[in-house]
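> below are the sequence and a predicted model; questions follow.
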Amino acid sequence: MLSQQIEAIVEKEGDIIPLLKSLTPTQKRELVPFLKTLRTKIFERYDIHDKTKWGVSYSSKPVHSQAKMDIVDKACYVCFNKTDTKKAFFQVSRLSISNDYLENIIPWYKPKWFGDLINDEMPWDLTYEKLMDLAQKELFEPSQALILARLPNAIVESSWNNNVNKSIYKPEVLLKHKTTLDQHIWFLFEEASGINNYYNYLHLDNYKGGNDIWIDTFVNLTATEKLDRHKVLIATLYTSTKGFNKTLSGWFAELLLKLNPTLEEVLSLQDAFFAALNSPHSKVVNSVLKYFKVAATHKIFKHAIFIENASILLNSETKSVVTSTLMILDKIAKTHKTLQNSVCLKTTEALINVDEKIQIRAAKIIEKYGKPKNEELVDEISMYADNLLHNSKDLLKDYLVAETEQNGNIEEPETIELTNVLANDNKIKTYNTFDELIFFVSQAIDNNEVYHIDLLLSYLPKLNVLLDKTNVEKLEPIFKRALDLSLSYDWNSQIGNLEHEAAYYINDFSEILIKRFPIELTSFKKKKQSKIQKLKDDKFYSSHHKENLKPIEQQSIPDYIYQIHHALLIQSKSFIQKNATLDLLSKPTHAPCWIDPTTLIERIVAYEKQSETIILYDFQIAMSRLPFNYNPENISNQIELITDFELRQVLKYHFNFIKLEDVKLTQPELWLQSVLIKNNKNELDYFQNKLSTNLRKEIGNYTWDCKLRDHYYLEYDYPSQKQIRKKTIKKELKLHDFHAQKKGPESLLDNLKGIFKFNKNTVKIKSIYSFMYFKKQKYYTTIQPHDDIKFLYLSPNNPSMLLSQVVHYNLKESTFWDESSKKNMINLLKGLYNIWNRPDYNEGAYLFLATGLLCSDKISRELAAEIWIKANYETTLDNNLLGSFIGRLEAGEYAPLKRFTDLLTNNLFNISKTHNDFLFQLLSSAVKEMNDIPIRGSKKLLEILLELKHSSNAAKLEDSTKEKLLKWQNVASVKPVIKKILDIK
Amino acid sequence: MASETLNYKYNSQSCITSTKGKENLLLSKFNEVEKGNSPCFFWGKLNNPYELSRCLITLSNTVQSSFNLSPFQLALLKDPIVTAGNNQIRFEGFSHCAGVYARVDVLENGQDGEFIENGTTNVDFNTPLISELGKIKKNDDLVLSVGEKEVGFHKEGESFIERKVPLPSKWIKGLTTVQHYFSESDYALSLNKIQALQLFKTIPNGKVKTDYFLIKRGSKYLFSPLKSNSAVCIGGIHRLKLLQPLIPLINEMKIYPQKDMQSVTFILCFNDLNFVFSISRDFWRGFSGEGAALEALIEDLPENLIKAFDNYSYTNQTFNPTLMSFEEHIDVSKIDKLATKLSAMGLLGYDLENNGFFYRRLPFELDRIMSLNPRLKGAEKLLLEGKVEIILKKDNEIEARVEGSGVQHYVIIKGDTQKCTCTWFSKNQGERGACKHILAVKKKAKDN
């Protein structure tokens, strides 16, 4: 029996070749099942558990000797078909090309799949030389992919000698086989390979050229005429059309530069050079343009084609490409009078660029070669008129006949949506019927709208009273979702922590209903229990599920600031327990957070009628959500409907019917919001003095500065084996008296006391602001994105308090530590955009906006720019204050000035004439506050200031700004611009 | 589904050959549902070779791009499809992630040749071909043939090029959804070349997760991250970078947002040549996963109607139900929203500029198209398992209970509003098509 013979040979570790040689194809086939079992047996491994000083280490060792395994491998190799082989061996091709197999098996048995699997698997130890040997012996035909993978390594030979790797540069390998230079080397130009990554990090005795080893090889091959230089040049140029990536394309561009085509060659290969101009990679384009600059003046240069192709070049994002193209166009116009017109027409396309140097270069070409009578050219230039900077306008003045008209004609922005406070467009739909309420509650934990949590607080009690035995089961899906969400640890990017809180609340609601409708909700109850049981069985979850299934009153919260919503949720739950259906006072009537005053008074009256206690925080939020300076008709009569005297007085004061000095402040916490919202300095002082309290935190005004600050940290020093204190310097913004205000949080129980039960003797004012901390752990904020904006909308008329917290904790430096701080920034800016409606916000809001314009996140900068644009459109922004803050921040080099100047040119400049005036005001206020020595990037800032001064007749520099500019004049680089600014009358 | 592969069999490789100063662009074709006998659809001169070749390169870049897959999955190139007929040629394709749709329309005056046969087919796009396209210049003479005109050029029936690719099921689903979205998109604004260039310069770098909005500031258009209700909303804005190389060549750019901003379409207009480019709501949401066309599919169409369609060869002509009804003796007037249904089945395409459907039969088997939608399948499964219970049915009002995973969902359909208590509906509020529960209730109500 053959199988026994094989087993015997394996056992004795004898020579199996003679036996394998003698097998017929049928015998081989029949042996396959036996060999598969044998292979499993011989390749068996056993586990080893070693105890080490770090614990137990697990490893395994083969049961049988390597020699036995080799014998089985050989038998399998000879008998298995392709599929079996692929399954059995990790990389059978490595065996195929091993010397053992090549000498002992392949001469008498070469499997059908021999070449296929080598091409498929590309064994790493198959060098180019070896594969060529095999190919020469006609053992297999190497695929193009295999050649591409191996050829780049061919020119360096590596060998191990006494455990040292020795590599030598051996380009002569390429000459060994004729096909190498005839065919294979050209593959490198056709498809992507690793040729650009091929650098020898090992020491090469006979090559000192660094990473350019292949480039040098090509240069030598062409120099010695082993390769046709012409052909190499064409192939190199056409690599640009093969879709290679940036680095590989760049490598070929480098090769082109090293081959350094002569003028004759450039001219004779123009088609290929033109094809390369379409490359998406600027290095390739730049290399081509380098040669075209020389060729452009030559007669046989295809000038017309270059002009045709120039559109894409002139619109390139790479400055050097645009500049080179303009230089070439200039040369063409110089040498070809007939083409001057088309050069000028094409050159206009460069006027779209906001870079002054490029604009001027383009304008000069047009000025030099164009004819102002040429209508086509005039039309073309006029299309760019809005985009022209002062100096280019000056150069092109003959073409801009209607310049003065157009200048004044910057269109007003069309798509700015005015801040809706109480409009029909942003009125929030109310829900009344059972169906409406159930489908609203279904989506309340999805964060589909920022105010859904606010609505849920009022709608869940309303839904509660509509439930009966017939309809309660319709709530099952939402109960299930709420349960799943509260027990889930999965992160959902669409919601914040408040949605989780809402889910806990809905859980509580389901518990209340299960008690009320035990039969109707049996199915849900069972499912809930089985889910909980499953979690209990899984010990990992046990503490977690217990925590998350607690009633809302006992739920923990991530940070102080969540207390406010927490209290509201508890209030809403109490309504359910009492079957009350009152709206919370703070429920917004208009998106995103506003409340119609009439509605608020109606709500207060309803509370009084039902003798329902008004919760202080609910009242404070509601007051802050009243639109500022909006007095509806008949409001004074309405106020009279309120029974409580002090509440009535507060509202009268809020709507300007009485003065603060004329009232008795029995419960200051009721007055606080109105005093803050009105933001009248005298009143604020009076309020603080009267109550001998300090409202700095509530107002959000701090003394601050931005400068270089020393920071110390510990670093381990290896030589001394000690921790060493090291110093680093940070450019840091600091709010100085920030911590002086720190107050401990009050207990939740206190917060739930009704407003009328408050101790009247204290001067400490209870308010939602006591909880407003935008705390930050070392590397992350505890405020989840999506919640941030809801906190901002708790007091939309006094955002400075929260925003100064954000500045203090998140914006000490202009870069962000973590993704969520960045998201917080974006959300808060978006939120602020929606509510910004008055110029007299406190400094906290302005400082936040200033950091927004300078921070490292582009989206945030663009959003801050949008706030600036809108607020100036509605004239609700103090540009002097904002400008001075930017100046003070930049005095401490809070952020690179280039960030800001880029934002100015791309987003803020030329919005409208009025905007330009405001921008001038902003920048001159900024300059005034900056250091006496201009920082890097100031020149660009001054150029923009100059441009603005040109465009606006009204713009006048303040004396203090002038003084600063005079000081700056000592620095040569900015001197000319300053002179121009000061020279304009 | 994932393991299923489609076998493209091309008679030869697409290529460009140059003879006597003329560039000949041969596009090799393959159609899974081979209809006609002619091996060639179109043969003739193209009038704007430079712009067209740039458009085709961009189409190829689109087809090769992916915005939510790893580079590994990208390795398999998908081929675009070509529709020729009614004096127009259209090349269309999807990005790998099915979130970007691109179509090159060669309009009537953009070509000068003969339409030997009408129809739609897959065409081979290979790297050397794209490389050759990159070399085409403005005044080159470019002759296109879709399929081979010279039958003798290759041995009949023998296939030379064979490529196996995973079945582009996403494509097929996406292609049907896109047509549907097109029909719901309206013209919003038109930008000249300068405005378009300025606009495209404001695309932020890198992969962008926030939505951007197209707004006007001063005389400039720009993309801004600020939500604005009246502005066109663009999710995954970095996908627009595919268009960047074409913008300096355009005459005009038109923008068509879908009514619920579920997609935005940019039409780049050249001389007698349009490049239609449509992106889905977000880069991680392909068109294929959207349920816009689902409702159109729940009603079965008469089989003879579909057969009649198969025999139709008015490719690229405006869809005319009356004419078809007359010629094929089928009463189509009773079928409501017929065009939408047919486009959802891959039988019609939509032309935004002309605001109408045109005949375009996807070169895939009908069964494939029908078998692809999971939500539709889900709805059918619900019905099959008897999990749908209609509680109330009055005119224009249906109330139903549908068994979901562990709970009973509540569905109401009143006139145009339809609501469900399931997670999908709660999250999307119907913006991404109906959930399977609503679909099942609708189908049941119809069948009854």
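Right, received. Where do you want to start? Residues are numbered from 1 along each chain as shown, chains lettered A, B, ... in the order given.

> helix, strand or coil for residue B:256?
In three-state terms, and counting by DSSP: H, G, I helix; E, B strand; the rest coil, residue B:256 is strand.

> how near is it to chain A?
Here the criterion is Cβ to the nearest Cβ, to the nearest Å. By it, residue B:256 lies 17 Å from chain A. All C-beta spots, glycine's among them, are computed from the backbone N, C-alpha and C.

> okay, that residue: pLDDT?
Looking at residue B:256, its pLDDT reads 95.

> go ahead and confirm it touches residue B:186.
Yes - between residue B:256 and residue B:186 a contact is recorded at 6.4 Å, counting by Cβ atoms under 8 Å.

> when the two are compared, which one has more neighbours?
A direct count of neighbours by other Cβ atoms under 10 Å in any protein chain shown for residue B:256 and residue B:186 places residue B:256 higher, at 22 against 10.

> show the contacting residues for the more buried one.
B:182, B:185-188, B:264-267, B:352 (Cβ atoms under 8 Å, 6 or more residues apart in numbering or on different chains).

> list the beta-bridge partners for it.
Beta bridges link residue B:256 to residue B:265, judged by DSSP bridges.

> isn't residue A:873 right up against residue A:867?
No - if you go by Cβ under 8 Å, residue A:873 and residue A:867 don't touch, sitting 10.7 Å apart.

> so which of those two has more stuff around it?
residue A:867 (23 against 19).

> and that one, what pLDDT?
94.

> that one is in what secondary structure piece?
Per DSSP states H and E, residue A:867 falls inside helix A:858-873.

> got the CA positions of that helix in PDB?
Provided in PDB are the C-alpha atoms of helix A:858-873 (Å, rounded to 0.1, in the frame of the first residue of the first chain):
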ATOM      1  CA  LYS A 858     -11.700  76.500   9.700                       C
ATOM      2  CA  ILE A 859     -15.400  75.800  10.100                       C
ATOM      3  CA  SER A 860     -15.500  77.700  13.300                       C
ATOM      4  CA  ARG A 861     -13.700  80.700  11.700                       C
ATOM      5  CA  GLU A 862     -16.200  80.700   8.800                       C
ATOM      6  CA  LEU A 863     -19.100  80.500  11.200                       C
ATOM      7  CA  ALA A 864     -17.700  83.400  13.300                       C
ATOM      8  CA  ALA A 865     -17.300  85.300  10.000                       C
ATOM      9  CA  GLU A 866     -21.000  84.700   9.200                       C
ATOM     10  CA  ILE A 867     -22.000  86.100  12.600                       C
ATOM     11  CA  TRP A 868     -20.000  89.200  11.800                       C
ATOM     12  CA  ILE A 869     -21.600  89.500   8.400                       C
ATOM     13  CA  LYS A 870     -25.100  89.100   9.600                       C
ATOM     14  CA  ALA A 871     -24.700  91.200  12.700                       C
ATOM     15  CA  ASN A 872     -23.300  94.100  10.700                       C
ATOM     16  CA  TYR A 873     -26.100  93.700   8.200                       C
END
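
> tell me the first helix or strand C-terminal of it.
By DSSP H and E, the next helix or strand past helix A:858-873 is helix A:879-891.

> which parts of the helix or strand just after that following helix are buried?
Moving toward the C-terminus from helix A:879-891, the next helix or strand (DSSP H and E) is helix A:897-903. Buried residues in helix A:897-903, counted by 16 or more other Cβ atoms under 10 Å in any protein chain shown: A:897, A:899-903.

> what residues sit buried inside the helix or strand following helix A:897-903?
For helix A:897-903, the succeeding helix or strand toward the C-terminus, using DSSP H and E, is helix A:913-929. By neighbour count on 16+ other Cβ under 10 Å, the buried set for helix A:913-929 is A:913, A:915-929.

> what do you get for stretch A:505-517?
A:505-511, A:513-514, A:517.

> so is it next to chain B?
No - Stretch A:505-517 does not reach chain B (Cβ under 8 Å from any Cβ of the partner chain); its nearest approach is 12.0 Å.

> avg pLDDT for that stretch?
Averaging pLDDT along stretch A:505-517 yields 95.

> can you list the residues that contact that stretch?
Under the criterion Cβ under 8 Å, 6+ apart, residues A:441, A:444-445, A:456, A:460, A:464, A:467, A:469, A:472, A:475, A:478-479, A:482-483, A:486, A:521, A:524-525, A:528, A:549, A:551-552, A:569, A:572-573, A:576-577 lie in contact with stretch A:505-517.

> let's go with 7 Å and repeat that
A:460, A:467, A:469, A:472, A:478-479, A:482-483, A:486, A:521, A:525, A:549, A:551-552, A:569, A:573, A:576 (Cβ atoms under 7 Å, 6 or more residues apart in numbering or on different chains).

> ranges for the strands of the stretch 251-400 of chain A?
Counting by DSSP state E, counting those that start in this stretch, the stretch 251-400 of chain A has no strands to list.

> where does it come near chain B, residue by residue?
A:274-275, A:278, A:280, A:305, A:308, A:311-312, A:315, A:352, A:383-384, A:386 (Cβ under 7 Å from any Cβ of the partner chain).

> could you work out the most separated pair of those residues?
A:275 and A:386 (35.6 Å; Cβ to Cβ).

> the two: who's more crowded?
More neighbours surround residue A:275 than the other of residue A:275 and residue A:386, with 22 against 17 (other Cβ under 10 Å).

> tell me if the helix holding residue A:867 is near chain B.
Yes - under the criterion of Cβ under 7 Å from any Cβ, chain B is reached by helix A:858-873 at A:858-859, A:862-863, A:866, A:869.

> by neighbours, which of those wins?
residue A:863 (28 neighbours).

> next, give phi and psi for residue A:127.
Per-residue torsions, residue A:127: phi -80, psi 170 (degrees, to the nearest 10).

> residue contacts, it?
By Cβ under 7 Å, 6+ apart, the neighbours of residue A:127 are A:150, A:153.

> check chain A for the residue nearest chain B and tell me.
residue A:241 (3.6 Å; Cβ to the nearest Cβ).

> just to revisit the earlier point, would you reformat the residues of the stretch 251-400 of chain A next to chain B as TSV and include pLDDT?
Formatted as TSV, those follow (pLDDT from 0 to 100):
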residue	pLDDT
A:274	88
A:275	85
A:278	81
A:280	83
A:305	87
A:308	84
A:311	87
A:312	87
A:315	88
A:352	89
A:383	85
A:384	87
A:386	80
